[in-house]
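Q: sequence below, structure please.
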Amino acid sequence: MGAIVTTFGVGELSAINGLAGAYSEMVPVVHIVGCPSTISQRNGMLLHHTLGNGDFNVFANMSAGISCVVAKLRDPAEIASQIDHALRECYLRTRPVYIMLPTDMVTKKVEGELLEKEIDLHEPANDEDKENYVVDVVLKYLHAAQRPVVLVDACAVRSRVLREVHELIDKTKLPVFVTPMGKSAIDETHSSYGGVYAGSASHPEIKAMVEDSDLVLSIGSLKSDFNTAGFSYRLSQLNTIDLHTDHCVVRYSEYPGVKMRGVLRKITQRVDTNQLKVQSPPSSTGASEDKLEGINGPIKQAWFWPRISNFFREGDIIVSETGTANFGIWETIFPPNVTALNQILWGSIGWAVGACQGAALAAKDSGGNRRTILFEGDGSLQLTAQEISTMIRHNLDVIM
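A: So this is what the prediction gives:
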């Protein structure tokens, strides 16, 4: 979770693009807005940073569509519970929340008991009967499949189920692929890893294995245009099981409210590996180097990206900007424990420089020696170049 503090009106509107991106990409951010006092709001006073019409809710209403909670802290008796509720929803739903803090509430006394009580961040369990039914149906099709594969996407990362995914792969040994938004979700040195599937933009071996599969176990899919290479997936719903954050779809049957975490755990516990038909992943994950040594000429994408893999090391944080970097990074192979950051869905120009600064600062605060590597376009850089000064100020370990 991240946090941002802005002023009322002009400040929050400056941040609204970033917060919309966080909502789109399912990133939990707490947005705290310092606003005029409750007395000023009640009297509709003509204050700076307002629209001059006495409406102090207009900006909160704008943010409501890109926040999973809007909390207006106007009653001291409710403030502590409002904040706890907002923080819990922010974490569990992995979306931004909006907290409006009037100036006169800063010095008010609030209920102290909740300050001593930890916020319950546990995900509510599935209804056991429904969960067991879904698991039984999934296992029925999984055991019968002749060419099953696993496809891991963005929501598996955002909903924090990568441990469950790796436990499933370790036990079943099924070939596993990632989407562009799922890059780094799977340990790419794992013996079952097969590469990046992006519809028609996939390497032929990868495309053939995924699209010829008679059962694709899709985990956390987000089928946006860039993530599917222009909606070029060729996967039949009849051969697909979709596990999502808050529901599951098995072929043409949908199970609302059955969350994928519990389902994944039980599939791993109950799967009969003796009944599984396991293929080997493709011999090439798509990152083969062209033999261009010694040839003079321009540095081309096909030459650059496979070679940059040799520069990466375990634990790196790799940030790629919207544009050629987001597509080229598919052609790399990551060492273990790499975190890839991208904004393929929202795609705001200049996002990656600020994201790089934030990631590098988080890496520094958490200790260790993780590098942050940024791939940035020269046009995008001009939007947020000032963040480089912040990197220098904090002595961050960044390679651009």
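Q: every contact and neighbour count from this point should use C-alpha atoms.
A: Will do.
Q: so who does the residue nearest to the spatial centre of the chain touch?
A: By C-alpha atoms, centre = their mean, the mean C-alpha position of the chain lies nearest to residue 158, the distance being 4.0 Å. Applying C-alpha atoms under 8 Å, 6 or more residues apart in numbering to residue 158 gives the contacts 26, 27, 94.
Q: which one of those sits closest to residue 34?
A: residue 27 (21.9 Å; C-alpha to C-alpha).
Q: and the gap between that closest one and residue 159?
A: According to C-alpha to C-alpha, to the nearest Å, residue 27 and residue 159 sit 10 Å apart.
Q: now do the shared contacts for these two.
A: residue 94.
Q: quick one: buried residues of stretch 227-236?
A: Neighbour-count burial for stretch 227-236, counted by 16 or more other C-alpha atoms under 10 Å, picks out 227, 228, 229, 232, 233, 235.
Q: can you tell me how far the fifth one sits from residue 176?
A: Right, the one you point to is residue 233. Taken as C-alpha to C-alpha, the span from residue 233 to residue 176 is 16 Å.
Q: poorly predicted segments of the stretch 251-400 of the chain, please.
A: Across the stretch 251-400 of the chain, the ranges flagged by pLDDT under 70 are 284-295.
Q: let's go with 50 and repeat that
A: 294 (pLDDT under 50).
Q: now do the strands in it.
A: For the stretch 251-400 of the chain, the strands defined by DSSP state E, counting those that start in this stretch cover 253-256, 317-320, 339-341, 372-375, 398-399.
Q: now do the residue nearest to the centre of the chain, the pLDDT please.
A: Residue 158 carries a pLDDT value of 94.
Q: the one 5 residues further on too?
A: Model confidence at residue 163, expressed as pLDDT, equals 97.
Q: over to it. Which of the three states is it?
A: helix (DSSP: H, G, I helix; E, B strand; the rest coil).
Q: what about it, how many neighbours?
A: A count of neighbours around residue 163, defined by other C-alpha atoms under 10 Å, yields 16.
Q: over to residue 247?
A: The number of residues packed near residue 247 is 14, by other C-alpha under 10 Å.
Q: my guess is it meets residue 263, correct?
A: No. Residue 247 lies out of contact with residue 263 (C-alpha atoms under 8 Å); the separation is 10.0 Å.
Q: thinking again about what came up before, check the strands of the stretch 251-400 of the chain for me and report the most buried one.
A: strand 317-320 (a mean of 24; mean count of other C-alpha atoms under 10 Å).
Q: which residues sit against that strand?
A: For strand 317-320, using C-alpha under 8 Å, 6+ apart, the contacting residues are 326, 329, 338-342, 352, 355-356, 359, 370-376.
Q: let's see it at 7 Å
A: Residues outside strand 317-320 that contact it (C-alpha atoms under 7 Å, 6 or more residues apart in numbering): 326, 338-342, 352, 356, 370-376.
Q: neighbouring strands for it, and are they parallel or not?
A: strand 339-341 (parallel), strand 372-375 (parallel) (DSSP bridges).
Q: contacting residues around the last one?
A: Read that as strand 372-375. 316-321, 325, 356, 360, 397-400.
Q: farthest pair within those?
A: Across those (C-alpha to C-alpha), the longest gap, 20.2 Å, separates 325 and 397.
Q: residues contacting the most far-flung residue of the chain relative to its centre?
A: When each C-alpha in the chain is compared with the mean C-alpha position (C-alpha atoms, centre = their mean), residue 43 comes out farthest, at 42.3 Å. Contact criterion C-alpha under 7 Å, 6+ apart gives no residues in contact with residue 43.
Q: per-residue pLDDT, it?
A: pLDDT, residue 43: 94.
Q: measure it to residue 53 for me?
A: Using C-alpha to C-alpha, one gets 11 Å for the distance from residue 43 to residue 53.
Q: ranges for the helices of the stretch 201-350 of the chain?
A: Residue ranges of the helices in the stretch 201-350 of the chain, as given by DSSP state H, counting those that start in this stretch, are 204-211, 260-270, 301-308, 324-328.
Q: what about these, which gets the closest to residue 119?
A: So among the helices of the stretch 201-350 of the chain, helix 260-270 is nearest, using C-alpha to C-alpha, at 20.5 Å.
Q: what lies in contact with that closest one?
A: Here helix 260-270 makes contact (C-alpha under 7 Å, 6+ apart) with 126, 131, 135, 139, 161, 164, 168, 243-248.
Q: just the buried residues out of those, in PyMOL syntax.
A: Buried members of these, defined by 16+ other C-alpha under 10 Å, are picked up in PyMOL with:
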select buried, resi 126+131+135+139+161+164+168+243+244+245+246+248
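Q: tabulate the strands of the stretch 251-400 of the chain (TSV), appending distance to residue 302.
A: TSV is the format used below for the strands of the stretch 251-400 of the chain (distance: least, C-alpha to C-alpha, whole Å):
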stretch	distance to residue 302
strand 253-256	41
strand 317-320	17
strand 339-341	20
strand 372-375	16
strand 398-399	21
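Q: looking at those strands, which is closest to residue 100?
A: The minimum distance between residue 100 and the strands of the stretch 251-400 of the chain falls on strand 339-341, with 29.4 Å, by C-alpha to C-alpha.
Q: what about residue 88, which SS state?
A: Residue 88 ends up helix, using three-state DSSP.
Q: give me the neighbour count for it.
A: 18.
Q: which residues touch it?
A: Residue 88 neighbours (C-alpha under 7 Å, 6+ apart): 119, 121.
Q: switch the cut-off to 8 Å
A: 119, 120, 121.
Q: ditto for residue 214
A: Taking C-alpha under 8 Å, 6+ apart, we find residue 214 in contact with 145, 146, 147, 148, 239.
Q: from residue 212, how far off is the fourth one?
A: If I follow you right, that is residue 148. For residue 148, the distance to residue 212 - C-alpha to C-alpha - is 9 Å.
Q: more neighbours: which of those two?
A: The neighbour count for residue 148 versus residue 212, taken as other C-alpha under 10 Å, is higher for residue 148 (26 against 17).
Q: what sits against the more buried one?
A: The contact partners of residue 148, taken as C-alpha under 8 Å, 6+ apart, are 142, 174, 175, 213, 214, 215, 216, 217, 277, 278, 279.
Q: which SS state does the second one fall under?
A: Meaning residue 174. Per three-state DSSP, residue 174 ends up coil.
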